[in-house]
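A.B. asks: I'd like to go over a predicted model; first the sequence, then the structure.
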Amino acid sequence: MEKHDGGDTGEVRFDDPWYDALASGWGELDGTGAPAPAVPAARAQHEPRAGGAADVYLEVQRSAAFQEVRSRYRRFVIPAVAVFFPWYVGYVVTATTAPGFMARPVAGAVNVALLAGLGQFLTTFLLAWAYARHARLRRDRAALDLRWDTQELTRHVRGGER
Amino acid sequence: MTGNHQTLALLLFSAFVAVTLAITTWVSRNRHGSEEEFYAGGRLFSPMENGFAISGDYMSAASFLGVTGLISLYGYDGLLYVVGFFVAWLVVLFLVAELVRNCGRFTLADVVAARMSERPVRIAAGTSSVTVSVLYLVAQMVGAGSLVALLLGGTSDAARNWTVIGVGALMVIYVSLGGMRATTWIQIVKAVLLLGGAVALTVLVLVRFHGNVNELLRSAADRSGHGMAFLAPGLKYGGDWTARFDFISLGLALVLGTAGLPHILARFYTVPTARAARRSVVWSIGLIGGFYLMTIVLGFGAAAIVGPETVRASNAAGNTAVPLLALDLGGGADSTGGTVLFAVVAAIAFATILAVVAGITLASSASVAHDLYTSLRRRHAKPRSEVAVARAAAVGVGVVAIALGLLARDLNVAFLVGLAFAVAASANLPVLLYSLFWRSFTTRGAVWAVYGGLVPALVLVVLSPVVSGSPESLFPGVDFQYFPLQNPGLVSIPLGFLAGWLGTVTSAEEPDEAKHAETEVRALTGAGAV
């Protein structure tokens, strides 16, 4: 697990080669700054206990910083799935059960069915863009901080055991 | 089909084979033989490269030839396929890509096994991954066979069989010599070729109609003989309720299956981080969406320009609509333009099949070596020997796929692809989502989720009209058809989820709080990811 990060992970905070520094800068402007400080606090408390790697993950999972990242993820993904999945299933069911409605002409040769099909493409593009933007602005920085903090904690625990 | 087409197409195709073999040798020149390198290409591809490779893996001959053919014959009902294939990427982007990249190493089973008792879970997930891959492989092999039959102008059995064998041999060479790095570059080259070809044909179609899409749709509807009904759903799936439920079943399988396809999941491990995995999916959504929009234009274009009766005369399933369209757009059968364009399209279709089979072979050899072999042989295999097993597994998978491809060559390609998606959605998706998101999921739940989706999906197919009981089935002489639908998804996907839930609530095992915490933290932050 630690194959690559066995060294001083703490120093290489942004060694992600594909991290878009320019784009990620936007995230700091909208007042959703990374709520990372909760985790270093957890580290300070538990370093002496040296409870094992499993405890580290439990500890991080309970930390406010992680809960925040998780709830941001869920607050986007759950509504988004609740929108696109029923919209797709509704589209398929309507196409198979109500072809008459789908055949209703709208403009020229374009009918409801064609508009609905293009609508599926449009919502997919839009939701993908919105998800990527949300993740970049609201999760990436906080998740990266948590990642290094967690790895730091695991490394300390492992070191203590040996 | 004159000799000119064939010669030129074969030349172009040989050029593609030469280029890909060169890539394979060049890539394998300084390999170290590590698992990281063989399964994941060293994990150093950029999101854009991986985005192209993902779309190369996903845009199979079934979509390029099959779906355009369906649109040209059945109008709107063909378009329904495309929507399902495309919307599926939201499931991948939201629920799977980043989390799988963070939690796993090489295969689907890695993600599940991290939380569970490793051996039974690996065997289950490995078995279902190999099953899905082989079904998908057979579909592509059958597609390659029919494409050659078309190119050589006849239904020469020998040519068909040798194509299947040749495709199988090439994919084994790519995979066992070049591993993931060669496979990825082949996908990228192929994606660029396929997108280039699609853009060129789409522009030619639109130019023919002076950029007037309304005119294109109208001519397609007039030429189809169905009038405006051609532009509305119902021509293929509008019959009785069985046909309608069959389509709903297929729609579910398409949208949920993509996230369970082993060769798609394997692609997320070729980038360094979850963020890069997300960005590669965004790239591929852009590329795949653009490609599918173009296939819609090409399908309606083939209906308007070539005409459904000509398409049907050439291949009853419509698989030859795009090559025929290219012939017409280039200036007709006797012109140089037509010959060149036809040959180019045929060569691109070949390249598509080759690249897709290479990707699937790699994923299934990873499942065999990394999941099945390591679990079934309990002695400690050294990393080096696991790669050796994977190379051997690629040969084995190739042989099985060639044999099945020869046996199943009269099966419908689109049906086989739909079946692979249904099995992936029933057996792989429930276990993946449960292990990522359900706190109290247990080992028994995981094993039940896999087999509870896999077994019903396969049994329902055996009992379906595809295998027996109708003139078009595999064994028309006998009748053991007890399940009316061709696609099992509508029943087997809920069964997979149900079995996972049932296995979990009935198991005596206490869910491991710490392991769940580890999975959740790793999935969302990337801590400890390789």
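C.D. replies: Yep, that arrived.
A.B. asks: elements contacting the helix ranked longest in chain A?
C.D. replies: The longest helix of chain A (DSSP state H) is helix A:64-97. Using 3 or more CB pairs under 8 Å, 6 or more residues apart in numbering or on different chains; DSSP states H and E, the elements in contact with helix A:64-97 are helix A:38-46, helix A:99-102, helix A:112-134, helix A:140-161, helix B:76-91, helix B:241-257, helix B:513-525. C-beta coordinates here come from the backbone N, C-alpha and C atoms, glycine included.
A.B. asks: Could you export those as JSON lines, including mean pLDDT?
C.D. replies: Below are these laid out as JSON lines (pLDDT from 0 to 100):
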{"stretch": "helix A:38-46", "mean pLDDT": "42"}
{"stretch": "helix A:99-102", "mean pLDDT": "86"}
{"stretch": "helix A:112-134", "mean pLDDT": "94"}
{"stretch": "helix A:140-161", "mean pLDDT": "81"}
{"stretch": "helix B:76-91", "mean pLDDT": "91"}
{"stretch": "helix B:241-257", "mean pLDDT": "90"}
{"stretch": "helix B:513-525", "mean pLDDT": "89"}
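A.B. asks: To B:Leu324, which of the ones you listed lies closest?
C.D. replies: B:Leu324 lies closest to helix B:76-91 among the helices and strands packed on helix A:64-97, at 15.6 Å (CB to CB).
A.B. asks: okay, the angle between that closest one and helix A:64-97?
C.D. replies: Relative orientation of helix B:76-91 versus helix A:64-97 (axes from the mean of the first three to the mean of the last three CA atoms, to 10 degrees): 170 degrees.
A.B. asks: The helix or strand following helix B:76-91 - what's its average pLDDT?
C.D. replies: Moving toward the C-terminus from helix B:76-91, the next helix or strand (DSSP states H and E) is helix B:97-103. Taken as a whole, helix B:97-103 has a mean pLDDT of 92.
A.B. asks: Put the alpha carbons of helix B:97-103 into PDB.
C.D. replies: What follows is helix B:97-103, C-alpha atoms only, in PDB (Å, rounded to 0.1, in the frame of the first residue of the first chain):
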ATOM      1  CA  ALA B  97     -14.600   6.100 -11.500                       C
ATOM      2  CA  GLU B  98     -12.900   8.000  -8.700                       C
ATOM      3  CA  LEU B  99     -13.900   5.700  -5.900                       C
ATOM      4  CA  VAL B 100     -12.700   2.600  -7.800                       C
ATOM      5  CA  ARG B 101      -9.400   4.300  -8.700                       C
ATOM      6  CA  ASN B 102      -8.800   5.100  -5.000                       C
ATOM      7  CA  CYS B 103      -9.700   1.800  -3.600                       C
END
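A.B. asks: Alpha carbons of the helix or strand that comes right after that helix, in CSV - could you do that?
C.D. replies: Using DSSP H and E, the next helix or strand after helix B:97-103 towards the C-terminus is helix B:108-113. Provided in CSV are the C-alpha atoms of helix B:108-113 (Å, rounded to 0.1, in the frame of the first residue of the first chain):
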residue,chain,number,x,y,z
LEU,B,108,-13.0,-5.0,-9.7
ALA,B,109,-12.3,-7.7,-7.1
ASP,B,110,-9.7,-5.5,-5.4
VAL,B,111,-12.3,-3.0,-4.4
VAL,B,112,-14.6,-5.6,-2.9
ALA,B,113,-11.9,-7.8,-1.4
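A.B. asks: in helix B:108-113, what's buried?
C.D. replies: Neighbour counts over helix B:108-113 (16 or more other CB atoms under 10 Å in any protein chain shown) mark B:108-113 as buried.
A.B. asks: Equivalent analysis for stretch B:330-350, please.
C.D. replies: B:330, B:338-350.
A.B. asks: filter those down to the ones close to chain A.
C.D. replies: Among these, no residue sits close to chain A (CB under 8 Å from any CB of the partner chain).
A.B. asks: any idea how far B:Phe106 is from the spatially closest residue to B:Ala266 that is not a sequence neighbour?
C.D. replies: Leaving aside its sequence neighbours, B:Ala266 sits nearest to B:Ala363 (CB to CB, 6 or more residues apart in numbering or on different chains; 4.5 Å). Distance, B:Ala363 to B:Phe106, by CB to CB, to the nearest Å: 9 Å.
A.B. asks: hang on, A:Thr124 packs against B:Val91?
C.D. replies: No. With contacts counted by CB atoms under 8 Å, A:Thr124 stays clear of B:Val91, the gap being 10.7 Å.
A.B. asks: Now for B:Val282: which residues touch it?
C.D. replies: Applying CB atoms under 8 Å, 6 or more residues apart in numbering or on different chains to B:Val282 gives the contacts A:128-129, A:132, B:47, B:51, B:93.
A.B. asks: Between these, which sits nearest B:Thr20?
C.D. replies: Nearest to B:Thr20 among the contacts of B:Val282, with distances taken as CB to CB, is B:Gly51, at 19.8 Å.
A.B. asks: what does the model give that closest one for pLDDT?
C.D. replies: 95.
A.B. asks: which residues touch it?
C.D. replies: Contact analysis of B:Gly51 by CB under 8 Å, 6+ apart lists B:279-284, B:286-287.
A.B. asks: What's the separation between B:Gly69 and B:Val311?
C.D. replies: Distance, B:Gly69 to B:Val311, by CB to CB: 7 Å.
A.B. asks: okay, and the common contacts of the two?
C.D. replies: Taking CB under 8 Å, 6+ apart as the criterion, B:Gly69 and B:Val311 both touch B:302, B:318, B:320-321.
A.B. asks: picking that back up, for the helices and strands packed on helix A:64-97, which one sits closest to B:His226?
C.D. replies: For the helices and strands packed on helix A:64-97, the distance to B:His226 is smallest for helix B:76-91, at 10.1 Å, taking CB to CB.
A.B. asks: for that closest one, packing partners?
C.D. replies: Judged by 3+ CB pairs under 8 Å, 6+ apart, helix B:76-91 is in contact with helix A:64-97, helix A:112-134, helix B:68-74, helix B:241-257, helix B:274-305.
A.B. asks: which residues make contact with the shortest one from outside it?
C.D. replies: It stands for helix B:68-74. With CB under 8 Å, 6+ apart as the test, helix B:68-74 has contacts from B:77-79, B:81-82, B:235-236, B:295-296, B:298-300, B:302-303, B:306, B:308, B:311-312, B:315, B:317-322, B:325, B:414.
A.B. asks: Report the secondary structure state of A:Val106.
C.D. replies: strand (DSSP: H, G, I helix; E, B strand; the rest coil).
A.B. asks: what's around it, how many residues?
C.D. replies: Neighbourhood size, A:Val106 [other CB atoms under 10 Å in any protein chain shown]: 11.
A.B. asks: ditto for B:Asp512
C.D. replies: 18.
A.B. asks: Of the helices and strands packed on helix A:64-97, which stretch is the most buried?
C.D. replies: helix B:76-91 (a mean of 25; mean count of other CB atoms under 10 Å in any protein chain shown).
A.B. asks: need the contact list for the closest residue to B:Asn428 other than its chain neighbours.
C.D. replies: Closest residue to B:Asn428 apart from its sequence neighbours, by CB to CB, 6+ apart: B:Gly260 at 3.2 Å. With CB under 8 Å, 6+ apart as the criterion, the residues that contact B:Gly260 are B:108, B:132, B:424-425, B:427-429, B:432.
A.B. asks: Of these, just say which sits nearest to A:Pro99.
C.D. replies: A:Pro99 has its nearest neighbour among the contacts of B:Gly260 in B:Ala425, at 25.5 Å by CB to CB.
A.B. asks: any idea how far B:Leu135 is from the residue nearest to B:Asn428?
C.D. replies: Taking CB to CB as the measure, B:Gly260 falls 12 Å from B:Leu135.
A.B. asks: Check B:Arg278 too.
C.D. replies: As judged by CB to CB, B:Arg278 and B:Leu135 stand 28 Å apart.
A.B. asks: Please apply the same query to B:Leu325.
C.D. replies: Applying CB to CB to B:Leu325 and B:Leu135 gives a distance of 29 Å.
A.B. asks: tell me the contacts of the residue in the stretch 301-450 of chain B positioned nearest to chain A?
C.D. replies: Using CB to the nearest CB, B:Phe437 is the residue of the stretch 301-450 of chain B that sits closest to chain A, at 9.4 Å. Residues in contact with B:Phe437, defined by CB under 8 Å, 6+ apart, are B:Leu95.
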